[in-house]
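J.: The following comprises the amino acid sequence and a computationally predicted model.
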Amino acid sequence: MIVETITNNGCTCHISDDAYRDKTPEEVNRIVRNFSDFIVGRLKDLKEKTA
């Protein structure tokens, strides 16, 4: 189930609790780490475009 939708600079992110259902704590940590890396990468891209 999508619990939140965020749109920023033309990028839409749907946050869903389905991603964590039936996952081990290690899998949840990996998912969160990958998502965090994605967000940081987009922020770096944006910073480069506006520099």
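T.: In hand now; what should we look at?
J.: contacts, neighbours, all on C-alpha from now
T.: Will do.
J.: Phi first, then psi, for the residue nearest the centre of the chain.
T.: Residue closest to the average C-alpha location in the chain (C-alpha atoms, centre = their mean): F35, at 3.7 Å. With angles defined as degrees, to the nearest 10, F35 sits at phi -70, psi -40.
J.: how far away is it from R42?
T.: F35 sits 11 Å away from R42, going by C-alpha to C-alpha, to the nearest Å.
J.: How about the contacts made by the residue nearest to the centre of the chain?
T.: By C-alpha atoms under 8 Å, 6 or more residues apart in numbering, no residues touch F35.
J.: and what of V3?
T.: Shown in contact with V3 (C-alpha under 8 Å, 6+ apart): H14, I15, S16, D17.
J.: what bits of the protein have low per-residue confidence?
T.: Within the chain, the stretches with pLDDT under 70 are 1.
J.: all helices for it, in order.
T.: Remark: helices assigned in the chain by DSSP state H are 25-50.
J.: Turn the contacts of V3 into TSV, including distance to E48.
T.: Shown next, in TSV, are the contacts of V3 (distance: C-alpha to C-alpha, whole Å):
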residue	distance to E48
H14	25
I15	26
S16	30
D17	32
